[in-house]
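Asks: Based on what follows, work out the 3D shape:
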Amino acid sequence: MPRRPDGELVKTSKFRELEFYIMKNRNESAIYFETEVDLTNTNAFLKEYNKNREEEEKLTLFQIILAAGVRTIALRPKMNRFVSGRRLWQRNEIKFNFVAKKEKTEEGEEVNVMIEFDPFDDLEKVRKKVAEHIHEARYGVNPNEKDVKFFGSLPRFVIRFIFWLNRWLDEHNCPIHSITKDMPLWSSVFFAHLGSIGIEAVYHHLFDLGTNGIFITIGEKRTVAKINPETEKVEKKEVMDLKISIDDRIASGAYTGPSVHLLRDLIENPEPLKQSPDLSDEQLDKLMLKKYKKERLEREKERKRIKRKKRKQK
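Replies: Numbers count the residues shown, from 1 in each chain. Down below sits the predicted model:
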């Protein structure tokens, strides 16, 4: 059975397998979602959460969005899948990538920030991880930045060969994990916070290199007039748009749509993110995470033992 270091093979129907031959790459398989996020409750939550906190310990809207993304994958594990080598894989890590500026200016140097999360991470754990990784990317040694500088210094024909080889190996389920583990195109979700630089959300293309199949852009906040259904009066609301590009091959639209709605609902009402999710063993097993593989295999072994015992009793 095929294996790869960054995922577990997923058994799927013959019908879905044919999709991998009909739709050969991510961009021709992309579907697009747009959702408007009402920030009324989110802003109130942020104000209360950050009360009496030092500036460097304050929670941000972007951190809430990332925490909502982690929780969505924890509860909707198919969103952490990817297609490679005409096969469907469950990613064995939850890794988010986004671009941060070393200086908040138009000319400020950009660096990629890759963060691995745990499905049990609550809002405070996400906040700390994000703050630490951004600080390290800006002021420390960023592994992705080192790779870019190294490969960028090579002759063009060598770069072309390395990328061809990496693409070929990845297609045959033998990625160079020491390289790809820190590269943004091998992440669960790629985020672009365009609102932080005053730009509206856009539909971003997917990348055919790597395994990333979800790209989310976050637009700038804006004020709109909405009718309150209870009072029937027009009220001003602060909102923002999320535009999401997803590889349609990883899950059906009937699964993807509710997952996008869950992400939006968690951003609009982040209170549940303050607590770690109560995941059952079955839910954790469906995530197929490398971190919990030993426990999962032990549970599978026990389930098989019980089945054999029942068959003997019959």
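
Asks: For this structure, which residues score under the pLDDT cut-off?
Replies: 104-106, 141-146, 314 (pLDDT under 70).

Asks: Tell me where the longest strand sits in it.
Replies: In the chain, with assignment by DSSP state E, the single longest strand is strand 234-247.

Asks: how much space is there between the closest residue in space to V10 that isn't next to it in sequence and V239?
Replies: Using Cβ to Cβ, 6 or more residues apart in numbering and skipping the chain neighbours, the partner closest in space to V10 is L88 (4.4 Å). In this view, the C-beta of every residue, glycine as well, is placed from N, C-alpha and C. Distance, L88 to V239, by Cβ to Cβ, to the nearest Å: 35 Å.

Asks: Same drill for those two, tell me which one is more crowded.
Replies: L88 (22 against 16; other Cβ atoms under 10 Å).

Asks: Quick check: the gap between that one and L262.
Replies: 22 Å.

Asks: cool, and N52?
Replies: 31 Å.

Asks: The two - which one has more neighbours?
Replies: Counted by other Cβ under 10 Å, N52 and L262 do not tie: L262 has more neighbours, with 16 against 5.

Asks: Which element, helix or strand, includes the closest residue to the more buried one other than its chain neighbours?
Replies: With sequence-adjacent residues excluded and distances taken as Cβ to Cβ, 6+ apart, L262 is closest to T72, at 5.2 Å. Taking DSSP states H and E as the definition, T72 sits inside helix 61-75.

Asks: The helix or strand following that helix pairs with which strands, parallel or anti?
Replies: Sequence order places strand 81-84 as the next helix or strand after helix 61-75, per DSSP H and E. Strand 81-84 sits in its sheet next to strand 87-91 (antiparallel), going by DSSP bridges.

Asks: Helices along the stretch 201-314 of the chain, start to end?
Replies: Here the stretch 201-314 of the chain has its helices, by DSSP state H, counting those that start in this stretch, at 253-268, 281-287, 293-313.

Asks: Against which helices or strands is the shortest one packed?
Replies: With contacts defined as 3 or more Cβ pairs under 8 Å, 6 or more residues apart in numbering; DSSP states H and E, helix 281-287 has these neighbours: helix 61-75, helix 293-313.

Asks: got the buried residues for that helix?
Replies: Using 16 or more other Cβ atoms under 10 Å as the test for burial, helix 281-287 gives L284, D285, K286, L287.

Asks: go on, stretch 59-77?
Replies: Of all the residues in stretch 59-77, those buried under the rule 16+ other Cβ under 10 Å are 59, 61-77.

Asks: Can I get that stretch in PDB? Just the C-alpha atoms.
Replies: Coordinates of each C-alpha in stretch 59-77 appear next as PDB, following Å, rounded to 0.1, in the frame of the first residue of the first chain:
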ATOM      1  CA  LEU A  59      -5.700  38.700  21.300                       C
ATOM      2  CA  THR A  60      -6.200  39.800  17.700                       C
ATOM      3  CA  LEU A  61      -8.900  39.200  15.200                       C
ATOM      4  CA  PHE A  62      -6.500  37.200  13.000                       C
ATOM      5  CA  GLN A  63      -5.700  34.900  15.900                       C
ATOM      6  CA  ILE A  64      -9.400  34.200  16.400                       C
ATOM      7  CA  ILE A  65      -9.600  33.400  12.700                       C
ATOM      8  CA  LEU A  66      -6.700  30.900  13.000                       C
ATOM      9  CA  ALA A  67      -8.200  29.400  16.100                       C
ATOM     10  CA  ALA A  68     -11.600  29.000  14.300                       C
ATOM     11  CA  GLY A  69      -9.700  27.300  11.500                       C
ATOM     12  CA  VAL A  70      -8.000  24.800  13.900                       C
ATOM     13  CA  ARG A  71     -11.400  24.000  15.500                       C
ATOM     14  CA  THR A  72     -13.100  23.600  12.100                       C
ATOM     15  CA  ILE A  73     -10.500  21.000  11.000                       C
ATOM     16  CA  ALA A  74     -10.700  19.200  14.400                       C
ATOM     17  CA  LEU A  75     -14.500  18.800  13.900                       C
ATOM     18  CA  ARG A  76     -14.500  18.400  10.100                       C
ATOM     19  CA  PRO A  77     -11.400  16.300   9.400                       C
END
